[in-house]
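**Student:** turn this into a model:
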Amino acid sequence: MMRLMGAVLAGGRSSRFGSDKAQAMLEGRTLLDHAVEALGRHVETVVVCGRQVEGMIGLADRPAADMGPLGGLNAALHHALAQGYDAVLTTGCDVPAYPDGLAQALIGPEPAILKGQQLAGFWPASLAGELDAHLAEDNNRSIRGWLERVGARIVDRPEFVLPNINRPEDLQALAKDSR
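**Tutor:** Numbering: from 1, shown residues only. The predicted structure is shown next:
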């Protein structure tokens, strides 16, 4: 049976949001808490990449801070490999849901992401060295470039529309819809 680790990518600057998105409140809990709980239903353990949070396993982005989501993914892949996990499921700290069935749609022999949600992904831990090489090269460190490099599968499943909070108005709309 495949051992899966979850990773919430939480090291971003939240520039469009204007404050720390991970700590923004939704229904009395932080967005980060929502993301960890939602992803945790599908994996053995969850780590938080890009920050330290009391009571959670926090991983510093690798090889350095401010490398974007790929720095957090790289930290997660190396941690997974060192801890004997086969793969990592990822989500962003601003995505407070991970619907049933999404993990199964993403898991496969190759890396995969949900169409329109590049942080909702499945990554074999064996990609750790390849991501090291990718980040060491002169490139813009975009998720798209990484997806192309590893031939990631794009999962097109419209039933898995995930809330994504980029601006305070997005959070307000989500809170209003959940009432």
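**Student:** okay, now the unreliable bits of the protein?
**Tutor:** Low-confidence segments of the chain, defined by pLDDT under 70: 12-19, 178-179.
**Student:** tell me which stretches of it form strands.
**Tutor:** Taking DSSP state E, the strands of the chain run over residues 4-9, 25-26, 29-30, 45-49, 57-59, 87-92, 112-114, 117-124, 153-155.
**Student:** redo those strands as JSON lines? Include distance to L70.
**Tutor:** All C-beta spots, glycine's among them, are computed from the backbone N, C-alpha and C. Shown next, in JSON lines, are those (distance: least, CB to CB, whole Å):
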{"stretch": "strand 4-9", "distance to L70": "9"}
{"stretch": "strand 25-26", "distance to L70": "26"}
{"stretch": "strand 29-30", "distance to L70": "24"}
{"stretch": "strand 45-49", "distance to L70": "10"}
{"stretch": "strand 57-59", "distance to L70": "13"}
{"stretch": "strand 87-92", "distance to L70": "11"}
{"stretch": "strand 112-114", "distance to L70": "13"}
{"stretch": "strand 117-124", "distance to L70": "11"}
{"stretch": "strand 153-155", "distance to L70": "17"}
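**Student:** can you tell me which of those strands is most buried?
**Tutor:** The highest mean neighbour count among the strands of the chain, using mean count of other CB atoms under 10 Å, belongs to strand 4-9: a mean of 27.
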